[in-house]
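Participant: My questions concern the predicted model and sequence given below.
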Amino acid sequence: MGEELELFPMGLRKSQIEQLTSHAEEAASLSITDLIEAARRHLDLTRQACVENPIINVKLATTLFKTIEQLAKRWDGLAPNVRYWLSGAMLYFAKCRDDEPDFTSPIGFEDDTEVLNACLRLGGLDELCISPEDYDDV
């Protein structure tokens, strides 16, 4: 018998799966352009917040956004279930309500990275996975 097809991102905490699922459901009504724009706005807010709070990891947030932009270029070639979860991961990044506060914690974008990486692995896009420790701003 062949390999089983994974339908869900693996390796996430229960709270991350719940939030990712909620974001994926919300993202289902958005276009890839809408998702990119939401991520861009969040990156802009991140840069503004860093003026007041220099512990925010702007380098990691910027890398997350650049990875999202790379995904947009491949979007049409991705399987529907992969697009579903990746769109949720994009909203997970674009919204502040997640496991670790983006603007008040030096590790605020690490949970966003974990979620995006799990979705990338689901889609066989391991080459786009990000190592948060490579982007230490603090």
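Facilitator: Received the coordinates, thanks.
Participant: Tell me where the protein has helices.
Facilitator: In the chain, helices defined by DSSP state H lie at 14-27, 32-52, 58-74, 80-94, 110-122, listed in chain order.
Participant: how about TSV for those, with mean pLDDT and distance to L128 added?
Facilitator: Using the backbone N, CA and C atoms, a C-beta is placed for each residue, glycine as well. Shown next, in TSV, are these (pLDDT from 0 to 100; distance: least, C-beta to C-beta, whole Å):
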stretch	mean pLDDT	distance to L128
helix 14-27	95	17
helix 32-52	97	15
helix 58-74	96	5
helix 80-94	97	10
helix 110-122	97	5
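Participant: Please name whichever of these is nearest to Y135.
Facilitator: For Y135, the closest of the helices of the chain is helix 58-74, at 4.0 Å, according to C-beta to C-beta.
Participant: can you state the direction angle for that closest one and helix 32-52?
Facilitator: 170 degrees (axes from the mean of the first three to the mean of the last three C-alpha atoms, to 10 degrees).
Participant: Remind me what helix 58-74 packs against, helices and strands.
Facilitator: With contacts defined as 3 or more C-beta pairs under 8 Å, 6 or more residues apart in numbering; DSSP states H and E, helix 58-74 has these neighbours: helix 32-52, helix 80-94, helix 110-122.
Participant: Which one of the ones you listed lies nearest to K14?
Facilitator: helix 110-122 (12.7 Å).
Participant: so K59 makes contact with P132?
Facilitator: No - applying C-beta atoms under 8 Å, one finds K59 not in contact with P132, separated by 9.8 Å.
Participant: Counting neighbours, go ahead and name the busier of these two.
Facilitator: Shown here are K59 and P132; by other C-beta atoms under 10 Å, P132 has more neighbours (19 against 15).
Participant: Is the more buried one in contact with D111, as I believe?
Facilitator: No - between P132 and D111 there is no contact under C-beta under 8 Å: 9.6 Å.
Participant: give the contact list for the closest residue to G123 other than its chain neighbours.
Facilitator: The spatial neighbour of G123 that comes closest, neighbours along the chain excluded (C-beta to C-beta, 6 or more residues apart in numbering), is V82 at 3.7 Å. V82 makes contact with 119, 122-123 under the criterion C-beta atoms under 8 Å, 6 or more residues apart in numbering.
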